[in-house]
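Visitor: Sharing a model that was predicted from the sequence below.
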Amino acid sequence: MIEIKQLTKLYKTKHQQVQAVDDISLNINKGEIFGVVGYSGAGKSTFIRLINRLEEPTSGTIKINDKDITTMAQSKLRKERQKFGMIFQHFNLLWSRTIYDNIAFPLEIAGVPKNKRKEKVLELINLVGLSGREKAYPSQLSGGQKQRVGIARALANDPDVLLCDEATSALDPETTDDILDLLVSINKKLGLTIILITHEMHVIQKICHRVAVMEKGKVVETGNVLEVFVKPQSKTTKRFVQQLNPLEQQQEAIQSFINSRDDSEVIKLHFIGNSTRRALISEISKKYDVDINILQGSISPTQEGAYGTLFFEINGQKDVIHDAIKYIQASGVEVEVLKHVE
Amino acid sequence: MLNDLFPNVKMDDMWEATRETFYMISISVIGTIIFGVLLGLLLFLTAQGNLWQNRWINGFVATIVNVFRAIPFIILILLLFPFTDFLIGTIRGWEAALPALIIGAAPFYARLVEIALKEVDKGVIEAAKAMGATGRTIIFKVLLPESMPALISGITVTAIALIGYIAIAGLIGAGGLGDLAYMQGFQRRDFDVVFACTIFIVVIVFIFQFIGDILSKTIDKR
Ligand SMILES: Nc1ncnc2c1ncn2[C@@H]1O[C@H](COP(=O)(O)OP(=O)(O)OP(=O)(O)O)[C@@H](O)[C@H]1O
Ligand SMILES: [Mg+2]
């Protein structure tokens, strides 16, 4: 639905040039939640602002439903922008307007007559759970409530795409979760395509279907959230994934269990999707003559299913252990036997 | 009692002068708002990185504003005599003071308007652009409403400066309280008249400050 080809943005200042976005090509499908993650200065904001041409690209094309945004005349572009809702880290509400009037603003811009506006605004206020607050001013709301107004405002003209630039970065963890839940429910209810920029991996984990990892203006990795999480390729991605998984940082603790004996192994399992639901460990301990000592485990839900890791120590005869590992592999779960590193 | 304290003050003259002063304030404030907001918007919008970015227009407007702000008011009145004569048909009376008052105050207010507009959150302007707003919508529905408290406190300051200008204009026959204080008070050595005029002017300043503060406070929802 959105086709981005060789998109580049070069900022020229007196003293230097910054390649903020460097040759990005991506396709974003209708109805998906697409995440872009990267460290500060990676070019994420520049990238998302290029999509609705708040920033003029240096080169490259952006097509939405086969319409080329990049060559569009200004007056046409203004109309086209109504198909993109946008929400911001700092909400960017008009403090001089009430909640009601803030949400009505994009409708005024689109030229919707007053009586039709009312119906739409009330419906949106209801959708984001702010009924009764329509006469309040933004300054009277909490951060989470302000972002709800931002979301309602972004949805006013029934957009096809919602662009979110660090929409939860100014919120506390609990409020972040509420706003993310709201985004997911909107995505499902309205079939809206969402492009979401963040530097927090758990936001990606919680709501995105696919993810692109950005570094120095380039996309260094892209794929399904589960795949990227379980098998991160680039160094940056690995660091992001580690942020999420506290176990990865506690590997030291596991080391003391690893030895070179044949009758004892430390095993790391990666569960993906439905395999997280299987009682694999109890199956093995019933089926094989081994003792299992669970060391650590974690499970993380994503939009595409859960994924988890489990560390355990398995004791028994060498060939029985071998068979048990074979059995686990056959069940589709990825197995890693941790070796003692000198 | 009042007659003992102010033996030479004639209340009829005082009210007449106050009325003239009020006319001058009202009309010059309205004129200053119109020209000041226009110039301020032009200064803001043509600046680097803004909606109508244009180095030449920006430089031109900034120069005009700076030059007129640099001219002391009493000299501005003298300089504008031919222009006033042409425009109003006379150089005497309170109407004749208006061109100088507006030309003196508008550049001052334009700078305050520019500062007020600069304070408007860039993110809000960006949000409006992202909604597909035209330049006109951004000016009238974002920039001006969002800077309204600062625009109002700016015009309060300017109005008070104008009251000072009006008193000066009185010295060369523009009517109003300044004129009364000079002609009937100072010239005839009737200092009670000067004193009475001063009290009236101070009260007028307080009234304007009070109205300005209340307006800017009630409108500010931040
Ligand atoms: N208007 C501009 N002029 C010059 N350079 C710019 C401009 N805007 C952004 N840049 C540069 O482009 C690079 C990418 O900036 P961008 O804001 O897109 O990063 P980001 O990934 O959104 O970072 P953050 O997480 O901090 O918001 C930075 O090096 C920044 O300095
Ligand atoms: Mg950013």
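Guide: Right, received. Where do you want to start? Numbers count the residues shown, from 1 in each chain, chains lettered A, B, ... in the order given. Ligands and ions are numbered 1, 2, ... in the order given.
Visitor: Stretch A:99-116 and chain B, any residue contact?
Guide: Yes - for stretch A:99-116 and chain B, the contact criterion (C-beta under 8 Å from any C-beta of the partner chain) is met by A:105-106, A:108-110. Where you see a C-beta, it was placed from the backbone N, CA and C, and this is true even at glycine.
Visitor: okay, now the domains of chain A?
Guide: According to the domain assignment given by automatic domain parsing, chain A is divided into the following structural domains: A:2-236, A:248-339.
Visitor: anything in the first one sitting right up against ligand 1?
Guide: Pointing back at domain A:2-236 there. Yes - applying C-beta under 6 Å from any ligand atom, one finds domain A:2-236 in contact with ligand 1 at A:11, A:13, A:18, A:20, A:38, A:40-46, A:199.
Visitor: picking that back up, in helices only, show me the residues of stretch A:99-116 next to chain B.
Guide: A:105-106, A:108-109 (DSSP state H).
Visitor: Can you say which helix or strand has residue B:32 in it?
Guide: Secondary structure assignment for residue B:32, by DSSP states H and E: helix B:11-45.
Visitor: mind listing what's buried in that helix?
Guide: Along helix B:11-45, the positions that meet the burial threshold by neighbour count (16 or more other C-beta atoms under 10 Å in any protein chain shown) are B:13-14, B:17-18, B:20-21, B:23-25, B:27-29, B:31-33, B:35-37, B:39-45.
Visitor: Going along the chain from it, find the next helix or strand for me.
Guide: Along the chain past helix B:11-45, the next helix or strand (assigned with DSSP H and E) turns out to be helix B:55-70.
Visitor: Contacts for that following helix, please.
Guide: Outside helix B:55-70, the residues within contact range by C-beta atoms under 8 Å, 6 or more residues apart in numbering or on different chains are B:39, B:42-43, B:46-48, B:76, B:103-104, B:106-108, B:110-111.
Visitor: ok, and what's touching the helix or strand bottoming out on mean pLDDT in chain B?
Guide: Counting by mean pLDDT, DSSP states H and E, the weakest-scoring helix or strand in chain B turns out to be helix B:2-5, with a mean of 76. With contacts defined as C-beta under 8 Å, 6+ apart, helix B:2-5 is touched by B:9, B:192.
Visitor: hey, C-alpha coordinates of that helix in PDB?
Guide: Extracted as PDB, the C-alpha positions of helix B:2-5 are listed here (Å, rounded to 0.1, in the frame of the first residue of the first chain):
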ATOM      1  CA  LEU B   2     -12.000  70.500  45.900                       C
ATOM      2  CA  ASN B   3     -12.300  74.100  44.800                       C
ATOM      3  CA  ASP B   4      -9.900  75.200  47.500                       C
ATOM      4  CA  LEU B   5      -7.300  72.600  46.400                       C
END
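Visitor: residue contacts, residue A:301?
Guide: When contacts are counted by C-beta under 8 Å, 6+ apart, residue A:301 touches A:205-206.
Visitor: Which positions within stretch A:297-307 qualify as buried?
Guide: Neighbour counts over stretch A:297-307 (16+ other C-beta under 10 Å) mark A:300, A:302-307 as buried.
Visitor: Neighbours of residue 51, how many?
Guide: Picked chain A for this. Under the neighbour criterion other C-beta atoms under 10 Å in any protein chain shown, residue A:51 is assigned a count of 21.
Visitor: oops, chain B please
Guide: Neighbour count of residue B:51, defined by other C-beta under 10 Å: 15.
Visitor: Just name whatever secondary elements the helix or strand where residue A:176 lies is in contact with.
Guide: Mapping residue A:176 onto the secondary structure by DSSP H and E places it in helix A:173-190. Using 3 or more C-beta pairs under 8 Å, 6 or more residues apart in numbering or on different chains; DSSP states H and E as the contact definition, the elements that helix A:173-190 packs against are strand A:33-38, helix A:143-155, strand A:161-165, strand A:193-198, helix A:201-207.
Visitor: ok, back up a step: among the ones in helices among the residues of stretch A:99-116 next to chain B, who's most crowded?
Guide: Neighbour counts for those were taken using other C-beta under 10 Å; the highest belongs to residue A:106, with 27 neighbours.
Visitor: you'd agree residue B:93 is up against residue B:174?
Guide: Yes - using C-beta atoms under 8 Å, residue B:93 makes contact with residue B:174 at a distance of 7.0 Å.
Visitor: of these two, who's got more company?
Guide: residue B:174 (27 against 14).
Visitor: what's the distance between whatever residue of chain B ends up closest to ligand 1 and chain A?
Guide: Residue nearest to ligand 1 within chain B (C-beta to the nearest ligand atom): residue B:49, separated by 8.3 Å. Residue B:49 sits 12 Å away from chain A, going by C-beta to the nearest C-beta, to the nearest Å.
Visitor: Tell me, how many residues neighbour that residue?
Guide: A total of 6 residues lie near residue B:49 under the criterion other C-beta under 10 Å.
Visitor: one step back: in a markdown table: the buried residues of stretch A:297-307, plus pLDDT and distance to chain B.
Guide: What follows is the buried residues of stretch A:297-307, written out as a markdown table (pLDDT from 0 to 100; distance: C-beta to the nearest C-beta, whole Å):
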| residue | pLDDT | distance to chain B |
| --- | --- | --- |
| A:300 | 78 | 33 |
| A:302 | 80 | 29 |
| A:303 | 78 | 26 |
| A:304 | 75 | 29 |
| A:305 | 76 | 34 |
| A:306 | 79 | 35 |
| A:307 | 78 | 35 |
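Visitor: Out of those residues, the closest to residue B:165 would be?
Guide: Compare each of the buried residues of stretch A:297-307 with residue B:165 using C-beta to C-beta and the shortest gap goes to residue A:303, at 67.2 Å.
Visitor: Please look at the closest one and residue A:211 and confirm they touch.
Guide: No - counting by C-beta under 8 Å, residue A:303 stays clear of residue A:211, with 10.4 Å between them.
Visitor: what is in contact with these two at once?
Guide: With contacts defined as C-beta under 8 Å, 6+ apart, the residues adjacent to both residue A:303 and residue A:211 are residue A:225.
Visitor: what helix or strand does residue A:9 sit in?
Guide: Residue-wise, residue A:9 maps onto strand A:2-12 under DSSP H and E.
Visitor: residues touching residue B:192, list them.
Guide: Residue B:192 is in contact with B:5-9, B:185, counting by C-beta under 8 Å, 6+ apart.
Visitor: which other residues reach stretch A:223-238?
Guide: Stretch A:223-238 has contacts (C-beta under 8 Å, 6+ apart) with A:35, A:38-39, A:204-205, A:208-211, A:213, A:215, A:220-222, A:240-241, A:244, A:270, A:272-273, A:300, A:302-305, A:307, A:334.
Visitor: what mean pLDDT would you report for that stretch?
Guide: Confidence over stretch A:223-238 (mean pLDDT, whole number) is 87.
Visitor: From the chain's centroid, how far away is that stretch?
Guide: For stretch A:223-238, the gap between its own C-alpha mean and the chain's C-alpha mean amounts to 12 Å (C-alpha atoms, centre = their mean, to the nearest Å).
Visitor: Pull up the distance across it, start to finish.
Guide: Taking C-alpha to C-alpha, to the nearest Å, the first and last residues of stretch A:223-238 lie 14 Å apart.
Visitor: buried residues in it?
Guide: Residues A:223-230, A:232, A:236-237 are the ones in stretch A:223-238 that count as buried (16+ other C-beta under 10 Å).
Visitor: likewise stretch A:258-267?
Guide: Along stretch A:258-267, the positions that meet the burial threshold by neighbour count (16+ other C-beta under 10 Å) are A:258, A:264-267.
Visitor: Extract the CA atoms of it and return them as PDB.
Guide: Presented in PDB, the C-alpha positions along stretch A:258-267 are these (Å, rounded to 0.1, in the frame of the first residue of the first chain):
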ATOM      1  CA  ILE A 258      28.000 -25.200  32.500                       C
ATOM      2  CA  ASN A 259      30.700 -27.900  32.700                       C
ATOM      3  CA  SER A 260      32.400 -30.300  30.400                       C
ATOM      4  CA  ARG A 261      30.900 -33.400  31.900                       C
ATOM      5  CA  ASP A 262      28.900 -35.700  29.500                       C
ATOM      6  CA  ASP A 263      26.000 -36.400  31.900                       C
ATOM      7  CA  SER A 264      25.000 -32.800  32.400                       C
ATOM      8  CA  GLU A 265      24.200 -30.100  29.800                       C
ATOM      9  CA  VAL A 266      22.900 -26.600  30.000                       C
ATOM     10  CA  ILE A 267      20.300 -26.000  27.300                       C
END
